[in-house]
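Novice: Below: sequence and its predicted model.
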Amino acid sequence: MALTQREKYIAIGTASVLGAVLIYEAVVSPIMAQFDAIDARRADLQKKIDDASDVFSRQRNLEKIWKELQAGGLNADASQAESQTLNAIIAWAEKAGVQLSALKPERTAEQQKFQVISFNVTGSGQMPDVARLLWAMETAPIPLRVNDLDIHPLKEGTDDLTARVSVSALCLPPQNAGGSTGSGMGGTAR
């Protein structure tokens, strides 16, 4: 059975297409899959490197903050921390023009290896004065945190406000106090 010229071309074309498909499936497709796997692995490793870099960067930033806290007012004694915080709030209120009507420490609790001393502060003044007091508390050089804020007008339609602020201060617990460097009142009244 002799093939015609046309049948030979068809057979050669079919064999070429089948050979190309076999080569693609046997060689090119696995190589492409390996390239895709390498790209995925590279992206995964780059993400791990970025995450590790973020952790190291965060550690450096937190170490700097920790050193600032130790140098600027993290007391080893709860009574020192309480006194420091009370004096700082009084100074900030005077500077801001807020009249304090109540300032009392509430309780001391231990959280995450620190003692937390809570304070309730009540004062009155005009809106800019209250804002200055809150700004001083938020940007305090001592370890202080504003937990809760409640502002009401003294009289409807006026700029005179009453603000009740719940803040907390940190100090080291007694068992960790031996090696710290508390600095007393260092730079709290601004």
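Specialist: Perfect, I can see it now.
Novice: Confirm Leu161 sits in a strand?
Specialist: Yes: counting by DSSP: H, G, I helix; E, B strand; the rest coil, Leu161 is part of a strand.
Novice: quick one, what contacts it?
Specialist: Contacts for Leu161 (Cβ atoms under 8 Å, 6 or more residues apart in numbering) come out as 124-127, 130, 151-154. Every C-beta, even on glycine, is put in place using the N, C-alpha and C of the backbone.
Novice: Would you mind giving me the ChimeraX syntax to select the buried ones in these?
Specialist: The ChimeraX selection below is limited to those of the contacts of Leu161 classed as buried (16 or more other Cβ atoms under 10 Å):
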select :124,125,130
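Novice: just how off-centre is the helix or strand that Leu45 is a member of within its chain?
Specialist: Using DSSP states H and E, Leu45 sits within helix 29-72. Distance of helix 29-72 from its chain centroid, counting by Cα atoms, centre = their mean, to the nearest Å, is 17 Å.
Novice: How about stretch 27-47?
Specialist: Per Cα atoms, centre = their mean, the centroid offset for stretch 27-47 relative to its chain is 35 Å.
Novice: residue boundaries of the helices in the protein?
Specialist: 5-23, 29-72, 78-96, 127-138 (DSSP state H).
Novice: Determine which stretch of those helices is the most buried.
Specialist: helix 78-96 (a mean of 19; mean count of other Cβ atoms under 10 Å).
Novice: counting contacts, what elements does that one pack onto?
Specialist: Under the contact criterion of 3 or more Cβ pairs under 8 Å, 6 or more residues apart in numbering; DSSP states H and E, helix 78-96 touches strand 99-111, strand 114-126, helix 127-138, strand 160-171.
Novice: which strands and helices sit next to the second one?
Specialist: Using 3+ Cβ pairs under 8 Å, 6+ apart as the contact definition, the elements that strand 114-126 packs against are helix 78-96, strand 99-111, helix 127-138, strand 160-171.
Novice: TSV for these, including mean pLDDT and distance to Pro30?
Specialist: Shown next, in TSV, are the helices and strands packed on strand 114-126 (pLDDT from 0 to 100; distance: least, Cβ to Cβ, whole Å):
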stretch	mean pLDDT	distance to Pro30
helix 78-96	88	67
strand 99-111	80	57
helix 127-138	92	60
strand 160-171	88	60
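Novice: which residues does Lys8 contact?
Specialist: With Cβ under 8 Å, 6+ apart as the criterion, no residue contacts Lys8.
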